[in-house]
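Novice: Sequence first, then the predicted structure:
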Amino acid sequence: MDVYELLSAILLAIGSFLLLSGGIGVLRFPDVYSRMHAAGITDTLGACLILLALMLLAGLSLVMVKLLMILAFLLITGPTSSHALGKAAWKSGVKPLMGKALNR
Amino acid sequence: MRHTASVTLVLAAIWLGNSGHYDALLLSFGVVSIALVLWITHRMDVVDHESQPLHLTTKLPAYYFWLFKKIVASNIDVMIRAWRGPSSISPQFERVPAPQKTDIGRVIYANSINLTPGTLSVVVEDDYILVHSLSSDGMAELKSGEMSRRVCGLEE
């Protein structure tokens, strides 16, 4: 096991933990807007770390180029789609729960 | 003209990076498909400073570096709140001024708000962005205007 594999394993572990945290947030947060924040963990840093880990395993090759492209497209489309989702929720009249008054 | 050259280069890089086959037949298919896409994008009239923001090329790397640090910090914050549960959040929903002069500046600002978990741009208007934030800290940080100033710096 060389140093790249070790680094990659560490990044994969942290990334997976972030994905799990995102999932837990989606389940626990109370309304659509706050759940979208939790989902944001999975499609920003979670995805970044996992793709970085895969790049370390791939080494300098065409596979790395493809992984870089996936990362670039993900970082451009992710915020755009979450804006579309948030705007759709707002336009269809979903009011956000505000402040501390949301404990069930 | 510079924008057309830039589209061509980007398309060629994407084609070469995804293909991995470099014999004459497939390369000529690549050239034909790039030419087709160029023709379609010109017909759609989308080859301009908005789809190809060449004037930002030199400034974007420094901004992305700063933004990435913000993304890491806000990811950790939201992750902790996810584990602590709904009692740890106090959502805010307010207008944040968007003093950017150009459309692309506002888009970069709104997308940066979305890329940092914990803040979400819901509605983008000419001079403000309606933002949902998971905590009052996140809203206060956004209102301090550092991110907005940096995006304005990109525009100049």
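Specialist: Received, thanks.
Novice: Using the record's assignment, carve chain B into domains.
Specialist: Structurally, chain B divides into domains by automatic domain parsing as follows: B:2-44, B:57-155.
Novice: what's the longest helix belonging to chain B in contact with?
Specialist: When chain B is parsed with DSSP state H, its longest helix is helix B:60-84. Applying C-beta atoms under 8 Å, 6 or more residues apart in numbering or on different chains, the contact partners of helix B:60-84 are A:18, A:21-22, A:24-25, A:28-29, A:37-38, A:40-41, A:44-46, B:88-89, B:112, B:115-119, B:134-135, B:137-138, B:147, B:150-151, B:153-154. (Glycine included, C-beta is placed from N, CA and C.)
Novice: re the thing from before, winner for burial among the domains of chain B?
Specialist: Each of the domains of chain B was scored by mean neighbour count; the highest is domain B:57-155, a mean of 18, by mean count of other C-beta atoms under 10 Å in any protein chain shown.
Novice: The biggest helix by length in chain A versus helix B:60-84: what angle between them?
Specialist: Taking DSSP H as the criterion, chain A has its longest helix at helix A:62-91. Relative orientation of helix A:62-91 versus helix B:60-84 (axes from the mean of the first three to the mean of the last three C-alpha atoms, to 10 degrees): 60 degrees.
Novice: Show me what helix A:62-91 is packed against.
Specialist: With contacts taken as 3 or more C-beta pairs under 8 Å, 6 or more residues apart in numbering or on different chains; DSSP states H and E, helix A:62-91 sits against helix A:32-41, helix A:47-58, helix B:2-19, helix B:103-115, strand B:119-124.
Novice: Among those, single out whichever gets nearest to residue A:97.
Specialist: helix A:32-41 (7.4 Å; C-beta to C-beta).
Novice: roughly how far is the closest one from the heart of the chain?
Specialist: Centre-to-centre, helix A:32-41 and its host chain are 10 Å apart (C-alpha atoms, centre = their mean, to the nearest Å).
Novice: quick one: buried residues of it?
Specialist: Neighbour-count burial for helix A:32-41 flags A:32-41 (criterion: 16 or more other C-beta atoms under 10 Å in any protein chain shown).
Novice: Mean confidence (pLDDT) on that helix, please.
Specialist: Regarding helix A:32-41, the rounded mean pLDDT is 90.
Novice: for it, packing partners?
Specialist: Against helix A:32-41 (3+ C-beta pairs under 8 Å, 6+ apart) you get helix A:3-28, helix A:62-91, helix B:60-84, strand B:119-124.
Novice: Make JSON lines out of these and add mean pLDDT and distance to residue B:5.
Specialist: Shown next, in JSON lines, are those (pLDDT from 0 to 100; distance: least, C-beta to C-beta, whole Å):
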{"stretch": "helix A:3-28", "mean pLDDT": "93", "distance to residue B:5": "37"}
{"stretch": "helix A:62-91", "mean pLDDT": "92", "distance to residue B:5": "20"}
{"stretch": "helix B:60-84", "mean pLDDT": "91", "distance to residue B:5": "18"}
{"stretch": "strand B:119-124", "mean pLDDT": "91", "distance to residue B:5": "30"}
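Novice: how about those, which one is nearest residue B:96?
Specialist: strand B:119-124 (8.3 Å).
Novice: Could you spell out the sheet neighbours of the closest one, each with its direction?
Specialist: strand B:128-133 (antiparallel) (DSSP bridges).
Novice: how far is the partner strand from where the chain is centred?
Specialist: Worked out by C-alpha atoms, centre = their mean, strand B:128-133 lies 16 Å from the chain centre.
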